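*Asks:* Quick one: sequence and predicted model below, then my questions.
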Amino acid sequence: MKETQLFINGEFLDNGDREMRENINPATEEVISLFPMATEEDVAAAVDAAFEAQKSWEKVPPIERAGYLMELVELVKENQDVLARATSEEMGKPIAQSTDEAGWLAAYIQYFAAMARHIKGEIIVSDRPNENILLYKMPIGVAGQIMPWNFPLFLIGRKVAPALIAGCTVVLKASSDCPNGAYEFAKLVEKSSLPKGVINVITGSGAVAGASLAANPKLGIVTVTGSTAVGKKIMKAAADNVTKVSLELGGKAPVIVMNDCKLDETVEHVLNSRIYNSGQVCNAAERVYVQKGIAEEFTAKIIERMKNVTYGPALGGTFDMGPMVNKAQQEHVAELVQSAIDEGATIECGGHAVTVDGKGYFFEPTVITGVKHESRVMVEEIFGPVLPITTFETLDEAIEMANDCEFGLTSSIFTTDYDTVMRAMNEIKFGETYVNREHFEAFQGFHQGVRGSGIGGEDGERGLEEYLETHINYIDYDLTRNKQ
Ligand code: NAD
């Protein structure tokens, strides 16, 4: 059986007597490989390695750091198929989507390599004569980076690249549902000429590896992409050391569909936002509010499109969707659908946990109508291919329901009216709003949530700022000295 290893200080460690866990293919239920559970001592060793490496890494000029990043870009491109296959096998997304994701990993690292010359401070005018105030932007130190399973390749880039270009070193903890993609990436780091300890990659449980990473006093920042419940635990662990946190957490994106939208385009965008990655996307369309005048037509069209969505094993054919990442996720989706049924909602299509050829944690593409705004399925993150729809009469009503939410990551509105767009942009209280398009962010944007969806964010120049801290210098100079 294939075994992966921890990558610490530039070396793959022998697994020795570490506990090993099974990595399961969610489409076939077969064991793919075993991965090591990092102990608290392993985590401490990884942070120590990153801490030592950071002392010299921060002195490497950013443009030279960019050179190392570009080496990784080339290695990722050369190994795009290996990375994609590992991800499809262990988390189930269709191979075309994993291949795209490995491509984004390369493109994202490249994007941040080009940021090398964008790190800049400020000169501030003083109140005093003969004084300069210089605000420097310095690397924040070691970044502890905790990963989810839903974009296990792309998010390596999103976390590692800005940290490295800023002059930070990293300890990246992979999700236990996706250890192999991270392991394949670590192999590329080993092949590159990056100094030892700059990137460390570990696997292990949230309770031990994640928790001890978040609580390590040598970190400058701890960042997680994951659920709100885990984000809260990490924030508490970081609080003891007053470590900065950057939390990219759950979402419950509302979609507002107005009577005056372009109907067919709207249907396609909502569909894509719900089925991509089997609906396991933090900014996916999680709840639809459709205006009464168009509700019947919109609902009929989206049901028709959802019925035609295909699903099957990621490596066993060409399908729109793969399985849920694991059995627990499949059960979670089924439970939320059942709660809607219990409340008297109507399952228009789908609604069941299913297998393909007797195996796998699949869930049928599902549309639910007759749900109430306060139903669990409209309030809790589903993270599956299930679209609950409710109706409204006025824009005020729709905005109020959209904002009435624990989460605040993504939202969208479909309309052809300029005034409606302007009101939505000003009154929808979410980190991001998409107007007349599917939910998917850009490298140069700023992906961030408000309320329970997190603190801080990623992408673009603001994403880089997360890994920089300010150091202000007051310099008094002597006007007389050179005149003597
Ligand atoms: P999760 O919260 O279960 O796990 C995330 C990571 O945290 C894992 O690596 C896990 O091992 C670790 N962890 C668990 N307990 C921990 C602890 N006590 N201390 C430290 N680390 C701990 O999330 P998941 O199921 O892997 O991913 C799905 C979630 O991620 C969804 O809620 C989704 O919305 C969210 N997500 C958010 C974004 C975003 O950008 N906001 C992007 C993708 C996914």
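*Replies:* Nice, I can see it.
*Asks:* Wasn't residue 196 part of a helix?
*Replies:* No - remark: residue 196 does not belong to a helix; assigned using DSSP: H, G, I helix; E, B strand; the rest coil, it is coil.
*Asks:* Got the phi and psi for it?
*Replies:* phi -60, psi 140 (degrees, to the nearest 10).
*Asks:* Thought residue 50 was touching it, still the case?
*Replies:* No - look at residue 196 against residue 50 with C-beta atoms under 8 Å: they stay out of range, at 10.2 Å. Backbone N, C-alpha and C define where each C-beta goes, glycine included.
*Asks:* Compare those two and say which is more crowded by neighbours.
*Replies:* Neighbour count, other C-beta atoms under 10 Å: between residue 196 and residue 50, residue 50 has more, with 28 against 15.
*Asks:* can you tell me which helix or strand that one belongs to?
*Replies:* Taking DSSP states H and E as the criterion, residue 50 maps to helix 40-57.
*Asks:* and that helix, C-alpha only, in CSV?
*Replies:* The C-alpha trace of helix 40-57 is given here as CSV (Å, rounded to 0.1, in the frame of the first residue of the first chain):
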residue,chain,number,x,y,z
GLU,A,40,2.5,17.7,18.4
GLU,A,41,6.2,17.1,18.2
ASP,A,42,6.1,16.9,14.4
VAL,A,43,4.2,20.1,14.2
ALA,A,44,6.7,21.8,16.6
ALA,A,45,9.6,20.5,14.4
ALA,A,46,7.9,21.9,11.3
VAL,A,47,7.3,25.3,12.8
ASP,A,48,10.9,25.4,14.2
ALA,A,49,12.2,24.6,10.7
ALA,A,50,10.1,27.3,9.2
PHE,A,51,11.1,29.8,11.9
GLU,A,52,14.8,29.2,11.3
ALA,A,53,14.4,29.3,7.5
GLN,A,54,12.5,32.6,7.7
LYS,A,55,15.5,34.5,9.2
SER,A,56,17.4,34.2,5.9
TRP,A,57,14.3,34.0,3.6
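*Asks:* Output the contacting helices and strands for that helix.
*Replies:* strand 7-8, strand 142-146, strand 169-173, strand 199-202, helix 211-214 (3 or more C-beta pairs under 8 Å, 6 or more residues apart in numbering; DSSP states H and E).
*Asks:* now the shortest one, how far from the centre of its chain.
*Replies:* The gap between where strand 7-8 is centred and where its chain is centred comes out at 23 Å by C-alpha atoms, centre = their mean, to the nearest Å.
*Asks:* contacts for it?
*Replies:* 13, 42, 45-46, 49, 183, 186, 189-190, 199-202 (C-beta atoms under 8 Å, 6 or more residues apart in numbering).
*Asks:* Mind doing that once more with 6 Å?
*Replies:* With C-beta atoms under 6 Å, 6 or more residues apart in numbering as the test, strand 7-8 has contacts from 45, 46, 49, 186, 200, 201.
*Asks:* ok, which pair from those residues is furthest apart?
*Replies:* Pairwise distances across those (C-beta to C-beta) peak at 15.0 Å, for the pair 45 and 186.
*Asks:* re earlier: dump the helices and strands packed on helix 40-57 to CSV, plus mean neighbour count and distance to the ligand.
*Replies:* Output for those, formatted as CSV (neighbours: other C-beta atoms under 10 Å; distance: least, C-beta to the nearest ligand atom, whole Å):
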stretch, mean neighbour count, distance to the ligand
strand 7-8, 24, 16
strand 142-146, 28, 5
strand 169-173, 28, 6
strand 199-202, 29, 10
helix 211-214, 24, 4
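*Asks:* so which of those comes closest to residue 376?
*Replies:* strand 142-146 (27.2 Å).
*Asks:* so how far is the following helix or strand past the closest one from its chain's centroid?
*Replies:* Moving toward the C-terminus from strand 142-146, the next helix or strand (DSSP H and E) is helix 154-166. Centre-to-centre, helix 154-166 and its host chain are 12 Å apart (C-alpha atoms, centre = their mean).
*Asks:* same check, this time on stretch 399-411
*Replies:* The answer for stretch 399-411 is 19 Å, by C-alpha atoms, centre = their mean.
*Asks:* can you pull the buried residues of that stretch?
*Replies:* By neighbour count on 16 or more other C-beta atoms under 10 Å, the buried set for stretch 399-411 is 399, 401, 402, 405, 407, 408, 409, 410, 411.
*Asks:* tell me, which of these make contact with the ligand?
*Replies:* residue 409 (C-beta under 6 Å from any ligand atom).
*Asks:* Pipe the buried residues of stretch 399-411 into TSV and attach pLDDT and secondary structure per row.
*Replies:* TSV is the format used below for the buried residues of stretch 399-411 (pLDDT from 0 to 100; DSSP: H, G, I helix; E, B strand; the rest coil):
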residue	pLDDT	secondary structure
399	98	helix
401	98	helix
402	98	helix
405	97	coil
407	97	strand
408	97	strand
409	97	coil
410	97	strand
411	98	strand
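*Asks:* Adding distance to residue 104, write the buried residues of stretch 399-411 out as a markdown table.
*Replies:* Shown next, in a markdown table, are the buried residues of stretch 399-411 (distance: C-beta to C-beta, whole Å):
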| residue | distance to residue 104 |
| --- | --- |
| 399 | 32 |
| 401 | 33 |
| 402 | 28 |
| 405 | 28 |
| 407 | 24 |
| 408 | 25 |
| 409 | 19 |
| 410 | 18 |
| 411 | 23 |
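*Asks:* List just the nearest of the buried residues of stretch 399-411 to residue 167.
*Replies:* residue 409 (28.9 Å).
*Asks:* who's in contact with the closest one?
*Replies:* So residue 409 contacts 251, 282, 283, 431, 449, 453 (C-beta under 6 Å, 6+ apart).
*Asks:* Apply 10 Å and report the result again.
*Replies:* Shown in contact with residue 409 (C-beta atoms under 10 Å, 6 or more residues apart in numbering): 248-253, 282-284, 286, 381, 430-432, 439, 447-454, 457.
*Asks:* bridging residues for the closest residue to residue 466 other than its chain neighbours?
*Replies:* Sequence neighbours aside, residue 246 is the residue nearest to residue 466 in space, at 5.0 Å (criterion: C-beta to C-beta, 6 or more residues apart in numbering). Per DSSP bridges, the residues bridged to residue 246 are residue 223.
*Asks:* can you pull the contacts of residue 246?
*Replies:* So residue 246 contacts 143, 145, 159, 221-225, 231, 234, 448, 454-458, 463, 466-467 (C-beta under 10 Å, 6+ apart).
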